[in-house]
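Peer 1: kindly generate the corresponding structure for this input.
(2 chains)
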Amino acid sequence: MGRWPPAGNMAKGFFSRFTSARPKQISVFDGQDLKRAVLAGQAWLEQHREAINALNVFPVPDGDTGTNMTLTMRAATKEIADSAETSASAIAAIFSRGALMGARGNSGVILSQILRGLSKGLEGKTTFTAVDFAAALQESARLAYSAVIKPVEGTILTVIRDAAEAARQSAANGANLSAMLGDTVRAAQASVARTPDLLPTLKQAGVVDAGGQGLATILEGVWRYSRGESLTMSPREFREEVADAHHKGMVTVEEEFGYEVVFLLEGENLDVDTIRQTIIDMGGVSTVVAGDHTLLKVHTHTPTPGKILDYGVGLGSLQDINIENLQAQSLRYAADSARQHGLNATTGAETAAANGRGVGTAVAAPVVAPPAETPSTGEINTVAVAAGNGWVELFQSLGVSAIVPGGQTMNPSTQELLEAVQRCPSSKVILLPNNGNVIMSARQVPELVTGKEVYVIPSDSLPQGVGALLAFNFEADFPTNCQAMEQASKHVQTAEITQAVRTVQIDGINVTEGDIIGLVNNRLVTAGTDRQTVVRDTLTRMNVAQFEIVTLYSGENVNAAAADEMAQRIKEWFPAQEIEVVHGGQPYYDFIISAE
Amino acid sequence: MAVQIVVDSTADIPRDRARDLGIEVVPLTVMFGDQSFQDGVDLDGPAFYQKLSNSPVMPTTSTPPPALFEETYRRLIANGATGILSMHISGKLSGTFSAARQGAEAVTADTHVPIEVVDSDTVSGGFGLPAEMVAREARNGADLAALKAHAESLCSRVHVIAVLDTLEFLQRGGRIGRARAMVGTLLSVKPLIEVRAGQVLPLENVRTRSKALERMGQIVTALGELESLAIVASDSVVADQITAVAEGFWHGPIERFALGPVVGTHAGPGAGGIAAITRA
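Peer 2: I've put the predicted structure just below:
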């Protein structure tokens, strides 16, 4: 991949696989142009993903916006990449559907609505001009807003609206496609820069809105394509980009480990646990194996992808194989970045896992099937999103019909949720996203499902999901249960104890990367170096003394003795409360604590 | 002489009240290992729960033999009963109703005094309360057919909603209706149950006792207009808690039924609920 072409030499050379030599300043796009433009937007986003991920407001390991938008774009372009379709309308219909199904996280869902708007706007057009595209962007803005129940300004919504307005004016002034895209991108970037003025939490954290930045980045890729430009970024540009992401804090670009290998395995009598252990024994890191005995998804990081694939082939049929080299570029960038900050880049498997990269890559969704003897909840089925073996067991004991693996850092796609719901035997299904960043993709499901009535309880934490399921009334009908479960979930207070992934000051709390931090109902309340102190402060801020029962869900890295000891301390601090310890096994979060 | 009302001991009618109303109580049996007790006769509620918390073995229960019913009916007839209405715990939960019917058949084979044996399809105060109501009518001279019809009508309108401290006892005794999802041992919960159509059905699970009581109140309120209401509880502390809940929406008299040894064996300690009869 070449360096950025010097000015004046832009029209020729330095092409990625997404570009081909074509005249500058084109004014009409056909299907193939649209395809390459969207692929270019995706490629540009892929390159900026880490910088966008770094724009998290809260320093917690959660669903990264850059990753979610990238995976959504990958799902959108999967079916068009090899298409020879020449109609713009047909290409747009394909990527719109792909994005809808592959949307991950709230930003991914809004992005999918933006792409759907383009598709609607370009309906029936084999080619399109600046005026057509500007009109389609208006539709994108409209659909993006309508996808959100309570639209918030200073987000991707503001950026798409401002961009669409600039496109409209530019086209009205007679600009050709390329010039209009240039105006659109500049407006989007200016809009992104204004997001901290509209949303105070962004200003406090010293960042711009990540989703808005992601959109501006995609639009910029499209624009660059229209000018026949290269779509690769030099290490220097990348460095500056990352440095810009936090003008106050700093960002470490973590080393990626070898190759990321993702595939679906179809076979008979597949043993999930054995397969996971074998892959780990073969050197697989951050290994996720999920599914049932006939179909499962493998995701791992390994220096030797061939070994893993050979193993898989011996077990059954492999599909949707995706291998990516994680090391080559990011090692160089990390070293550069570390030098610049006088820091050693964090290395190794833990951090590769901790940045959540690639986990839950856009492939079809296997679902953890309940054991045969799991009791079913009568004529109403429930589907829950959960990560961690303890949580999976707990939700199964509560009678859920299916569990979609995911949560904090791996937000399942709309398609994964849809497939789990579709597999339920009942025609009435209650869906529990159990994470704030999964709620929007869950809300797509009722519209996409066929032959079923689906209700989404907007549970934004795992304990809220548990609270909802406990309220399931075996004798009540569907609407009554939906209402009762939603009510019950709202009454559950959730605290989370994790490690800060970056240095930030927010809500008057100074957080240093690596600190133990406490959140109550997704708001940061305390930070420190001593876990017990942080837990105590967090519970105090949660007003635990006003509740009756505290449930301590221990994470995958907390052993039973440590969990019991923490429970003992909590009992000392809050003697009037009942304390219960449950092994949750969730990644990244040492403790998830509920008060009821 | 009048129609005599007979119940089994799972009606949980306090002994002195049964005596005052002239209700004959036939006891079931509770066994702790080799030790056997007559429900409410030589083991009362407080003594039972005390024993339950100390005993290394879990109690079991058994139905009265048909001969005990036969003997009881014959004694009542000898004392002048012109008819007998015998009301019992749901036949889906216990063999008591069946034993009573066998006892009645033996008696009616050689006497002309009519005996009606009624399956209440419920338990504890759920049929204890209707039994008390018809016992008053029997004293006022109501005939057997009218009493039976009224008893059946009341039992068909009674709802028993209860909060348990744990599902453990109900599960151990196999008295939970329908193999449905119930919370295992992963989380402690206060299950809400309902006795309906003769079965014990799980309703929902609540993490804390106070919220469980609150939900019970909401569920009872949602039943509609009530004709009468009673409290069933394992002890007076639980009875007081539930009375406080009931007084939030019910202004009529509240009778109390103490969950005795047999029902307590299946409900466990700390259980309590409301038996509410909706208007016809």
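Peer 1: give me the pLDDT for residue 21.
Peer 2: Answering for chain A, as no chain was given. Looking at residue A:21, its pLDDT stands at 41.
Peer 1: oops, wrong one, chain B.
Peer 2: At residue B:21, the pLDDT recorded in the model is 97.
Peer 1: any idea how many residues pack against it?
Peer 2: 17 (other CB atoms under 10 Å in any protein chain shown). For the C-beta atoms, the positions are set from N, CA and C on the backbone; glycine is no exception.
Peer 1: quick check: the residue lying closest to residue A:454 once chain neighbours are set aside vs residue A:455, distance?
Peer 2: Setting aside the residues directly before and after it, residue A:454 is nearest to residue A:446 in space (CB to CB, 6 or more residues apart in numbering or on different chains), at 4.2 Å. Per CB to CB, to the nearest Å, residue A:446 is found 7 Å from residue A:455.
Peer 1: picking up where we left off before, which helix or strand contains the residue nearest to residue A:454?
Peer 2: Using DSSP states H and E, residue A:446 sits within helix A:439-448.
Peer 1: tell me which other helices or strands that helix touches.
Peer 2: For helix A:439-448, the elements it packs on are helix A:88-102, helix A:105-121, helix A:414-423, strand A:453-456, judged by 3 or more CB pairs under 8 Å, 6 or more residues apart in numbering or on different chains; DSSP states H and E.
Peer 1: give me that answer again for 10 Å
Peer 2: Helices and strands touching helix A:439-448, by 3 or more CB pairs under 10 Å, 6 or more residues apart in numbering or on different chains; DSSP states H and E, are helix A:88-102, helix A:105-121, strand A:380-386, helix A:414-423, strand A:428-432, strand A:453-456.
Peer 1: quick one: the residue nearest to residue A:454 and residue A:452 touch, right?
Peer 2: Yes - counting by CB atoms under 10 Å, residue A:446 touches residue A:452, with 8.5 Å between them.
Peer 1: under the pLDDT cut-off, which ranges of the chain? List them.
Peer 2: Reading this off chain A. Applying pLDDT under 70 to chain A flags residues A:1-26, A:63, A:230-258, A:285-296, A:324-378.
Peer 1: oops, wrong one, chain B.
Peer 2: Residue ranges of chain B with pLDDT under 70: B:1, B:174-185.
Peer 1: domain assignment for it?
Peer 2: B:3-156, B:158-278 (automatic domain parsing).
Peer 1: check the offset of the last one from the chain's centre.
Peer 2: The offset between the C-alpha centroid of domain B:158-278 and the centroid of the whole chain comes to 12 Å, using CA atoms, centre = their mean, to the nearest Å.
Peer 1: closest to residue A:49 out of the helices and strands packed on helix A:439-448?
Peer 2: helix A:105-121 (12.1 Å; CB to CB).
Peer 1: among the domains of chain B, which is nearest chain A?
Peer 2: domain B:158-278 (2.9 Å; CB to the nearest CB).
Peer 1: so whatever residue of chain A ends up closest to chain B: helix, strand or coil?
Peer 2: Nearest to chain B in chain A, going by CB to the nearest CB, is residue A:399, at a distance of 2.9 Å. What DSSP: H, G, I helix; E, B strand; the rest coil gives for residue A:399 is coil.
Peer 1: burial of it, as a residue count?
Peer 2: 23.
Peer 1: and if you look at residue B:116?
Peer 2: Using other CB under 10 Å: residue B:116 sits among 19 other residues.
Peer 1: please name the residues that touch it.
Peer 2: B:3, B:6, B:83-87, B:104, B:144-145, B:147-149, B:151-152 (CB atoms under 10 Å, 6 or more residues apart in numbering or on different chains).
Peer 1: filter those residues down to the ones close to chain A.
Peer 2: Restricting those to those touching chain A (CB under 10 Å from any CB of the partner chain) yields no residues.
Peer 1: now, which of these lie within strands?
Peer 2: Those of the contacts of residue B:116 mapping onto strands are B:3, B:6, B:83-87, per DSSP state E.
Peer 1: can you give me the strands in the stretch 101-250 of chain B?
Peer 2: B:115-119, B:158-163, B:190-196, B:199-206, B:226-233 (DSSP state E, counting those that start in this stretch).
Peer 1: which one, of those strands, ends up nearest to residue B:40?
Peer 2: Using CB to CB, those put strand B:226-233 closest to residue B:40, at 14.3 Å.
Peer 1: what comes up buried for that closest one?
Peer 2: B:226, B:228-233 (16 or more other CB atoms under 10 Å in any protein chain shown).
Peer 1: in CSV, list these along with distance to chain A.
Peer 2: Formatted as CSV, the buried residues of strand B:226-233 follow (distance: CB to the nearest CB, whole Å):
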residue, distance to chain A
B:226, 19
B:228, 23
B:229, 20
B:230, 21
B:231, 22
B:232, 19
B:233, 20
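Peer 1: show me the contacts for the residue most central in space within chain B.
Peer 2: Against the mean C-alpha coordinate of chain B, by CA atoms, centre = their mean, the closest residue is residue B:124 at 1.3 Å. Each residue near residue B:124 by CB under 10 Å, 6+ apart is listed here: B:10-13, B:89, B:160, B:162, B:195, B:230, B:232-233, B:257-260, B:262-264, B:267, B:271, B:273, B:275.
Peer 1: from these, which ones fall inside strands?
Peer 2: Short answer: the contacts of residue B:124 in strands (DSSP E) are B:160, B:162, B:195, B:230, B:232-233, B:257-258, B:273, B:275.
Peer 1: out of those residues, which comes closest to residue A:115?
Peer 2: Among the ones in strands among the contacts of residue B:124, and counting by CB to CB, the member closest to residue A:115 is residue B:162, at 53.9 Å.
Peer 1: thought residue A:302 was touching residue A:262?
Peer 2: No - with contacts counted by CB under 10 Å, residue A:302 stays clear of residue A:262, the gap being 11.2 Å.
Peer 1: list the buried ones in the helix or strand harbouring residue A:144?
Peer 2: Using DSSP H and E, residue A:144 falls within helix A:130-146. By neighbour count on 16+ other CB under 10 Å, the buried set for helix A:130-146 is A:130-144.
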